[in-house]
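**Student:** Quick one, what's the 3D model for this:
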Amino acid sequence: MATRIARKRGDVFLRADFSDLGGYNQVGRALRDLVRKGYLIRIGLGLYARASLSSFDGKPLPVKGLSTLREAIQRLGAEVVPTRFELAYNSGQSDQVPTGRVVAIRGKRIRRQIGYDGFVLMFERATAPRRGRQPPKANRRAVKATAAPITVREALRPIWEADRYPIRSNEDRRHAVALEEEARDHAAPAVASPDDLPEFVGWLNELMDRKLPDDRRDAIMEALYTLFDPSGSDEETVSISYMA
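**Tutor:** Here you go, the predicted structure:
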């Protein structure tokens, strides 16, 4: 894996880039080992970047800083374009220097967090949304009233969708929490189906536990991103082994 990374031209790697080298758990362990050794840095769920040590504090950082994060966005299938702040600054309409924390994207929506060392990108759509448009409100009461048996896969997907809801403000955070609560209610009547992989039940039971440790939740969510959004697409083509 280290040899392949050294030979690749880009600086951003997806877990799927190494799927031919071993099973899901094997690839995950190898990536975590490369992160511990400082060869890679994790910049998002299933996203890794080539790393170099900071001359200031010795911490591993992406070799090209913010440019690496923009490359990650492109690897997920979105196009990076100038933000409205950058356009205003470049045209002389504003003297406020853009920080680079906000990135405008066109095409595919990016919902997973991308960043490092406490620095997380925020996204804006290149096409402005309609004025007065509000995000749909979570309707937990309706979910309870119409609850019917669903497969475990169908229960896991809303939990994953709630996790990838874009957070740009406190209002977005509150809405994401409401979506997660709705997803929990939606998952209550779930039953295992012959089409569900054996590990799905274990994942769902753990995610329903409000005391689940963050690192374990992150590991399960990373598996769900690989399942429902491999390589930034919507194709469900990845077979996953249970993570003990």
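**Student:** C-alpha only now, for contacts and for neighbours.
**Tutor:** Will do.
**Student:** nearest spatial neighbour of the residue nearest the centre of the chain, skipping sequence neighbours?
**Tutor:** Central residue of the chain (Cα atoms, centre = their mean): Arg112, 2.6 Å from the mean position. Closest residue to Arg112 apart from its sequence neighbours, by Cα to Cα, 6 or more residues apart in numbering: Arg164 at 5.2 Å.
**Student:** who's in contact with that neighbour?
**Tutor:** By Cα atoms under 8 Å, 6 or more residues apart in numbering, Arg164 lies in contact with 111-113.
**Student:** Kindly reformat these as JSON lines containing pLDDT and distance to Asp185.
**Tutor:** Below are the contacts of Arg164 laid out as JSON lines (pLDDT from 0 to 100; distance: Cα to Cα, whole Å):
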{"residue": "Arg111", "pLDDT": "76", "distance to Asp185": "22"}
{"residue": "Arg112", "pLDDT": "81", "distance to Asp185": "23"}
{"residue": "Gln113", "pLDDT": "85", "distance to Asp185": "25"}
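**Student:** just curious, which of those is nearest to Asn25?
**Tutor:** Distance to Asn25 across these (Cα to Cα) is lowest for Arg112, with 21.1 Å.
**Student:** would the closest one count as being in a helix?
**Tutor:** No. Applying DSSP: H, G, I helix; E, B strand; the rest coil, one finds Arg112 to be coil, outside a helix.
**Student:** Return the backbone torsion pair for it.
**Tutor:** Here is the backbone geometry of Arg112 (degrees, to the nearest 10): phi -80, psi 150.
**Student:** Surely it is in contact with Ile43?
**Tutor:** No. If you go by Cα atoms under 8 Å, Arg112 and Ile43 don't touch, sitting 10.2 Å apart.
**Student:** show me where pLDDT drops low in this protein?
**Tutor:** By pLDDT under 70, the low-scoring segments of the chain are 127-149, 166-170, 172, 230-244.
**Student:** farthest residue from the center of it?
**Tutor:** Gly92 (35.0 Å).
**Student:** Please settle this for me: is that residue part of a helix?
**Tutor:** No. Assessed with three-state DSSP, Gly92 is coil; it does not lie in a helix.
**Student:** can you pull out the strands in this protein?
**Tutor:** In the chain, the strands defined using DSSP state E lie at 12-14, 40-44, 47-53, 60-62, 78-81, 102-107, 115-116, 119-120, 122-125, 150-151, 190-191.
**Student:** List the neighbours of the last one that are in contact with it.
**Tutor:** Contact with strand 190-191 is made by 149-152, 154-155, as judged by Cα under 8 Å, 6+ apart.
**Student:** cool, and the third one?
**Tutor:** Contacts of strand 47-53 with the rest of the structure, by Cα under 8 Å, 6+ apart, involve 11-15, 38-43, 59-63, 68, 72.
**Student:** Buried subset of those residues as a ChimeraX selection?
**Tutor:** What follows is the ChimeraX syntax selecting those of these that are buried according to 16 or more other Cα atoms under 10 Å:
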select :11,12,13,14,15,38,39,40,41,42,43,60,61,62,63,68,72
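**Student:** Perfect, that will be all.
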